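1. predicted structure and sequence below. I'll ask about it afterward.
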Amino acid sequence: MEFHRSSSSSNHPQSRLTSLSSQRSLASVPSLNSRSQHHASTYHQCLATLKGHTSYISCIALAGKFLYTGSSDREIRSWNHASLHSEIFDTEQSNSITNVVTAGKGAVKSLIVQSDKLFSAHQDYKIRVWKISSYEPDHQKYTRLATLPTFGDRATKVLNPKNHVQIRRHKKCTWIHHVDTVSALALSRDETLLYSVSWDRSVKVWRTSDFTCLESVNNAHDDAINAMAVSDDGYVYTGSADKKIKVWKKGEGEKKHCLVDTLEKHNSGINALALSSDGSLLYSGACDRSILVWEKDEEEEDGKMTLVGALRGHTESILCLAMVSDLVFSGSADKTIRIWRGVHDDYSCLAVLEGHRGPVKCLTAAVDPSGQSEESFLVYSGSLDCDIKVWQIIVPVL
């Protein structure tokens, strides 16, 4: 099995180690919460456990009526999530699973939906694009549109020696190729650009209209890149096994993204990033068991972030983060999900969700459309126990 790539005592850049074992916490960073601080008025329950995958869940995405899940055995499934929000839901009902496809080799690492297209990132160094079609009101099917980089893109680049880059001592390839696991995907606000990051330490930018690779930032980090987040105003955040978060921006009139900031406070490999909706807060999770909270300095024109403090409570590595409204959700190798809410330097852990039998590898969340007077949210979690759980969270209105 392979999860995130983590730096270790080995100096070999291609070493593959899991990030499930936690490392020492950040004693020098102040805590923003008390471990015992919970809100009794926060209600939570597991609505359903979705079974079907026979290998660990590696990524999860939500779009419209459908939940999309990817596993370590090349499988992508979609579920009609509107039918999953009931305690009497039968996990064996086959009509809840609308389609299953397999592609590539190894794990599906990231999924993202753009209109009627599904982008999937894979351990075999490829990005695949699927056309989503409906054949009944609540069912879907997929047709593969492209594999990135496309044949046409490769053909236009291969003949010019300037397009070739050294990737190993005796090997070159064109700059449009990822040469290791593609670990995360993100879309620009207008969805015209797709960003990808990889364990090959590069960041690539693709045009979604024709799947052309427009740019590659090679050697963006000193080790594998595990996570990425993109703000509405165009800042790209990348988190790496080199313990650093880097911030990239393409200035007006510029052709390439430039490094504008480096955030260094974690003492172990970074596994997850999440941004607030307005881009003013960044959350980062790592093997040091802490979630660091970074706040954008409004007085700085270049969008620099300053460290506010740490959210503590998990007892093992942070593997995934998600955010909706003013809530932050964290999944950990300790098999739990924590829900956080706060402002600046005052945060509370609202609830701890327990029920998975393995590390929580991926999360997504959304506002519950059936919520009434209080704030109701739905959380979807994927685990190394091969299950997906659907949770309902009701928190008091502030």
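-> That came through, no problem.

2. roughly how far apart are residue 258 and residue 270?
-> Noted for residue 258: a distance of 21 Å to residue 270, by C-beta to C-beta, to the nearest Å. No exception for glycine: its C-beta is placed from N, CA and C like everyone else's.

3. which one's more surrounded, these two?
-> Using other C-beta atoms under 10 Å, the more surrounded residue of residue 258 and residue 270 is residue 270, with 31 against 11.

4. run through the stretch 101-250 of the chain and note the low-pLDDT ranges.
-> When residues are selected by pLDDT under 70, those of the stretch 101-250 of the chain lie in 137, 168-170.

5. where do the helices sit along it?
-> Remark: helices assigned in the stretch 101-250 of the chain by DSSP state H, counting those that start in this stretch are 151-158.

6. now the strands for it?
-> 108-114, 117-122, 127-136, 139-148, 164-168, 171-174, 182-187, 193-198, 203-207, 213-217, 225-230, 236-240, 245-249 (DSSP state E, counting those that start in this stretch).

7. for the ones you listed, which one ends up most surrounded?
-> strand 236-240 (a mean of 27; mean count of other C-beta atoms under 10 Å).

8. report the distance from that one to the chain centre.
-> Computed by C-alpha atoms, centre = their mean, to the nearest Å, the chain-centroid distance of strand 236-240 equals 11 Å.

9. quick one: strands adjacent to it?
-> strand 225-230 (antiparallel), strand 245-249 (antiparallel) (DSSP bridges).

10. what's the spacing between the last one and its chain's center?
-> On the basis of C-alpha atoms, centre = their mean, strand 245-249 sits 16 Å off its chain's mean C-alpha point.

11. likewise for the longest one?
-> The offset between the C-alpha centroid of strand 225-230 and the centroid of the whole chain comes to 7 Å, using C-alpha atoms, centre = their mean.

12. can you tell me what sits against that strand?
-> 4-5, 19, 183-189, 195, 197-199, 201-203, 236-241, 269-275, 282, 284 (C-beta atoms under 8 Å, 6 or more residues apart in numbering).

13. okay, the angle between it and strand 182-187?
-> 0 degrees (axes from the mean of the first three to the mean of the last three C-alpha atoms, to 10 degrees).

14. tell me the angle of strand 225-230 relative to strand 108-114?
-> Using the same axes, to 10 degrees: strand 225-230 against strand 108-114 is 10 degrees.

15. distance to residue 100 for the strands of the stretch 101-250 of the chain - can I get that in TSV?
-> Output for the strands of the stretch 101-250 of the chain, formatted as TSV (distance: least, C-beta to C-beta, whole Å):
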stretch	distance to residue 100
strand 108-114	12
strand 117-122	13
strand 127-136	12
strand 139-148	9
strand 164-168	34
strand 171-174	32
strand 182-187	21
strand 193-198	24
strand 203-207	26
strand 213-217	29
strand 225-230	27
strand 236-240	31
strand 245-249	35
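
16. pretty sure residue 344 contacts residue 308?
-> Yes. Look at residue 344 against residue 308 with C-beta atoms under 8 Å: they come within range, at 6.5 Å.

17. and these two? which has more neighbours close in?
-> residue 308 (19 against 11).

18. quick check: closest non-adjacent residue to that one.
-> residue 293 (4.4 Å; C-beta to C-beta, 6 or more residues apart in numbering).

19. and the contacts of the helix or strand harbouring that neighbour?
-> Assigned by DSSP states H and E, residue 293 belongs to strand 291-296. If you take C-beta under 8 Å, 6+ apart as the criterion, strand 291-296 is touched by 26, 29, 32, 245, 263, 265-266, 279-286, 303-312, 314, 318, 321, 328, 330, 340, 342, 344, 347.

20. closest to residue 366 out of the strands of the stretch 101-250 of the chain?
-> strand 108-114 (13.0 Å; C-beta to C-beta).

21. residue 102 pairs with what?
-> Residues in beta-bridge contact with residue 102 (DSSP bridges): residue 75.

22. do the one 10 residues further on as well
-> Beta bridges link residue 112 to residue 119 when assigned by DSSP bridges.

23. quick one, what contacts it?
-> Contacts of residue 112 by C-beta under 8 Å, 6+ apart are 61, 118-119, 185-187, 194.

24. now those in CSV, with distance to residue 69?
-> Formatted as CSV, the contacts of residue 112 follow (distance: C-beta to C-beta, whole Å):
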residue, distance to residue 69
61, 8
118, 12
119, 15
185, 15
186, 18
187, 19
194, 20
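
25. which non-adjacent residue is nearest residue 359?
-> residue 333 (4.1 Å).

26. what's the burial count for that neighbour?
-> Number of residues near residue 333 (other C-beta under 10 Å) recorded here: 25.

27. do I have it right that it meets residue 319?
-> Yes. Assessed by C-beta under 8 Å, residue 333 is found in contact with residue 319 at 5.9 Å.

28. what mean pLDDT does stretch 304-319 get?
-> Per-residue pLDDT over stretch 304-319 has a mean of 95.

29. so how far is it from its chain's centroid?
-> The answer for stretch 304-319 is 16 Å, by C-alpha atoms, centre = their mean.

30. state the distance from whatever residue is furthest in space from the centre of the chain to residue 174.
-> Largest separation from the mean C-alpha position in the chain: residue 159, at 35.2 Å (C-alpha atoms, centre = their mean). Taking C-beta to C-beta as the measure, residue 159 falls 10 Å from residue 174.
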